[in-house]
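**Student:** Sequence and predicted structure below; questions after.
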Amino acid sequence: MAGRACLSLFMILLLAPQVQASQPSFTQVRAAHISSEAWVLDRHGRLLQSVRVDKAHRRLPWVSLDDLSPAMIAALIASEDRRFMSHAGVDWKAIVGAIWTNLVEHRQRGASTLTMQLVGLIDTSLRRDADGRSLNQKWRQIGAARELEQRWSKEQILEAYLNLANFRGELAGIAAAARGLFGKHPSGLDRAEASVLAALLRGPNAKPQLVAKRACGVAHRIGREDCQFVYRLALSALSRTPHLEMARQYAPHLSRRLNLAPGQSLRTSLDADLQAFVLETLTRQLIELRERQVEDGAVLVLDNASGEVLAWVGSSDATSAAAEVDGVTAQRLPGSTLKPFLYGLAIERGLLTAASPLEDSPLTLDTPVGLYVPQNYERDFKGWVSVRTALGASLNVPAVRTLMLLGVERFHAGLKRMGLNSLGHDSDFYGYSLALGGGEVTLLELANAYRSLANGGVLSPVVLTPSGRGHGGGRVLSRASTYIVGDILADKSARGPTFGLSSPLETSGWAAVKTGTSKDMRDNWCLGYTDRYTVGVWVGNASGTPMRDVSGVSGAAPIWQAVMDRLQSGRPGKAPKSPPGVEGRLVRFEPAIEPDRRELFLAGTAQDRVVMPRRETLPARIEGPGNGAILARDPDIPGERQKAHFSIAGDGHGLTWQVDGKPADPSWLDSDGSLLWPLAPGAHRISLQTVDGKSVAAMFVTVK
């Protein structure tokens, strides 16, 4: 039957008239070629990331004949159509040979020329199916090939064929095949590699051994007789999974947020050099912190004026076990990084000034879910401090006292206005813990909120494409209050009590900066801004695993400092000019809890003397978690670091601490006479005793 079909086809070809079909031009075919990839470019047009968009095929951009290896062209013609340069679209001699082979030798042999194969690639109705082509399809294919030869040059036919042909699996086109199998551009293919690719055209999904054997034959025809080398090369190339991605992808997380189309090149606002520097800096710091159980981090750099993202690094694939998680958009606990907004709102409403005194002393609050006992990071208390010191040194208890003054609902609403929309619950859900970062936010939200401080209290959207101008925004905080907050955050003397005068928070120019560490050291942060840029850094673990002894100043701050110094290279940050509504005044504290200084005030709130509130002398009493408190040990914190703080209010002269009727261990006593008692399971009595053994105050607690 096969022989008769071939003979019938041969007779039809000789006797039937030419059938004309409308074939597209070479220009039309080339224009219709769309890569399966999209490319993410930086603001200068430099490549950052390649992204596969079409999931059905892998195609790369069209390659011109001039950019093809001569060896590839020679191998193609030798393998598929040796008389290509001399026929007019149909190789009659090959057809006669195919008929003879089918009739006499009973072997299958094709006779399609490159031109005939090309029209099948262009016109889907002429493509071969599982049962082969019908006589009508064959006839139409031949007619289309003859017409194509009249309209196209031989060079155009070769170029189009190599760009449209399927080579292996999903690899379509010579560019994808060369890159996927040999990691090369088609211009760099040698004769052995070209022989393997040409051999694939006859059976793209053939077994590697068969392809290798065919490749040896092609190599022999084009002048390379080292069959063993070609054979091994074919087996090696076909045993690997094709890889078309760039050697280093610089913006994988940002790319997932972009609406990319096949073949698209999208220019973003990122800067390739800065993006590479940030990624390298993050990776280096995470490697240094690896022994402290740290593997993840993220960095975001924003242009203050336009809102453009200059760098977006969501993770480091060199250290992370979950590199696909984008740390820029992941919701995490922000720790103390919300404090600037808290104090800014309190100053704006006239509740506090930068010189207002706040008491840093033990505090116990009764809440619907139990007692809330805020602690400072250093586990001590500094007594009366100014707002400047409370914010600069990141003291926790004064922040909670400020929240009590401002109101949780008002603070929560203010944070939402500043773009922290991840705080989706109502204010009662967060309670007083919101002052210390007791609600999850994203680095993207938080960095843009800090950018609003840099912009004088105006919040506008973050943008991912270069715009050259700022986008419309709305005021979320007064210009005067943000100026005072920024001045505090840039004041290294205010940071001194906690961070010292020299720390990773120092940069080559003016910068306002704040760190944060969440409960159990699961997250640490450093966010800050200059007059031109805002930089946000998060360090932690995507899994939520606690770090070991890593705070914002030791984890995230060194990254922030390195990025800020690079941004300020050649042009250090400049301190903003004082806006209308702010006045300076020399302030003296009575008693002198802090040195005299020139302080900033909102107009109408200035004072030159700050007097500490006086307390009446009261009988000695114990301040601590609260009488009858039930305390729970946290399994994630080392036992020796879990202590309850008890202090003496009133006249404590001559009193000693007793725990369960026995004198407290001297190592539990703090320098100010308070008791730092290591939590021990069970019910306990903490009391104060006079020298003659009389108990004057007692508190009962239970530890679970």
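**Tutor:** Happy to help now that I have it. Numbers count the residues shown, from 1 in each chain.
**Student:** show me the contacts for the spatially closest residue to Ala629 that is not a sequence neighbour.
**Tutor:** Once flanking residues are discounted, Ala629 sits nearest to Val701: 4.9 Å by C-beta to C-beta, 6 or more residues apart in numbering. The way it works is simple: take the backbone N, C-alpha and C, and place the C-beta from them, glycine included. Val701 is in contact with 624-625, 628-631, 644, 683-684, 686, counting by C-beta atoms under 8 Å, 6 or more residues apart in numbering.
**Student:** for Thr702, same thing?
**Tutor:** Residues near Thr702 by C-beta under 8 Å, 6+ apart: 628-631, 682-684.
**Student:** Any regions of the stretch 201-350 of the chain where pLDDT drops low?
**Tutor:** Across the stretch 201-350 of the chain, the ranges flagged by pLDDT under 70 are 224-225, 246.
**Student:** sorry, back to before: in strands, which of the contacts of Thr702 fall?
**Tutor:** 629-631, 682-684 (DSSP state E).
**Student:** now the helices: where do they sit in the stretch 251-400 of the chain?
**Tutor:** For the stretch 251-400 of the chain, the helices defined by DSSP state H, counting those that start in this stretch occupy 252-255, 272-288, 339-348, 387-392, 396-406.
**Student:** returning to that earlier point: quick one: which of the contacts of Val701 is nearest Ala212?
**Tutor:** Relative to Ala212, the closest of these is Leu631; by C-beta to C-beta it sits at 72.4 Å.
**Student:** burial count for the spatially closest residue to the closest one that is not a sequence neighbour?
**Tutor:** Distances taken as C-beta to C-beta, 6+ apart place Val703 nearest to Leu631, at 4.9 Å, with adjacent residues excluded. Val703: 18 surrounding residues under other C-beta atoms under 10 Å.
**Student:** Write the PyMOL selection for whichever of the ones in strands among the contacts of Thr702 are buried.
**Tutor:** The following PyMOL line selects those of the ones in strands among the contacts of Thr702 that are buried, judged by 16 or more other C-beta atoms under 10 Å:
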select buried, resi 629+631+684
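**Student:** Farthest pair within the ones in strands among the contacts of Thr702?
**Tutor:** Distance extremes for the ones in strands among the contacts of Thr702: the farthest pair is Ala629 and Gly682 at 13.6 Å, using C-beta to C-beta.
**Student:** which residues does the spatially most central residue of the chain contact?
**Tutor:** Among the residues of the chain, the one closest to the centroid is Gly314, at 1.5 Å (C-alpha atoms, centre = their mean). By C-beta under 8 Å, 6+ apart, the contact list for Gly314 reads 252-254, 298, 325-329.
**Student:** From those residues, list just the buried residues.
**Tutor:** 252-254, 298, 325-329.
**Student:** Surely Ser35 touches Val63?
**Tutor:** No. Checked against C-beta atoms under 8 Å, the pair Ser35 and Val63 is beyond contact range at 11.1 Å.
**Student:** Just grab the bridge partners of the residue lying closest to Gly628 once chain neighbours are set aside for me.
**Tutor:** Excluding the flanking residues, the one nearest Gly628 by C-beta to C-beta, 6+ apart is Phe700, at 5.9 Å. Legend: beta-bridge partners of Phe700 under DSSP bridges are Arg685.
**Student:** how close does Phe700 sit to Gly486?
**Tutor:** As judged by C-beta to C-beta, to the nearest Å, Phe700 and Gly486 stand 47 Å apart.
**Student:** Looking at the two, which is more packed in?
**Tutor:** Just comparing Phe700 and Gly486: by other C-beta under 10 Å the higher neighbour count belongs to Gly486, 24 against 13.
**Student:** what packs against the helix or strand containing that one?
**Tutor:** Following DSSP states H and E, one finds Gly486 within helix 479-489. Judged by 3 or more C-beta pairs under 8 Å, 6 or more residues apart in numbering; DSSP states H and E, helix 479-489 is in contact with helix 339-348, helix 387-392, helix 443-454, strand 512-517, strand 582-590, strand 597-602.
**Student:** Dump these into JSON lines; add distance to Leu201 and mean neighbour count as well.
**Tutor:** Below are the helices and strands packed on helix 479-489 laid out as JSON lines (distance: least, C-beta to C-beta, whole Å; neighbours: other C-beta atoms under 10 Å):
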{"stretch": "helix 339-348", "distance to Leu201": "64", "mean neighbour count": "25"}
{"stretch": "helix 387-392", "distance to Leu201": "70", "mean neighbour count": "27"}
{"stretch": "helix 443-454", "distance to Leu201": "48", "mean neighbour count": "26"}
{"stretch": "strand 512-517", "distance to Leu201": "60", "mean neighbour count": "27"}
{"stretch": "strand 582-590", "distance to Leu201": "75", "mean neighbour count": "15"}
{"stretch": "strand 597-602", "distance to Leu201": "76", "mean neighbour count": "18"}
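**Student:** Adding distance to Trp677, write these out as JSON lines.
**Tutor:** Shown next, in JSON lines, are the helices and strands packed on helix 479-489 (distance: least, C-beta to C-beta, whole Å):
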{"stretch": "helix 339-348", "distance to Trp677": "28"}
{"stretch": "helix 387-392", "distance to Trp677": "26"}
{"stretch": "helix 443-454", "distance to Trp677": "36"}
{"stretch": "strand 512-517", "distance to Trp677": "24"}
{"stretch": "strand 582-590", "distance to Trp677": "33"}
{"stretch": "strand 597-602", "distance to Trp677": "38"}
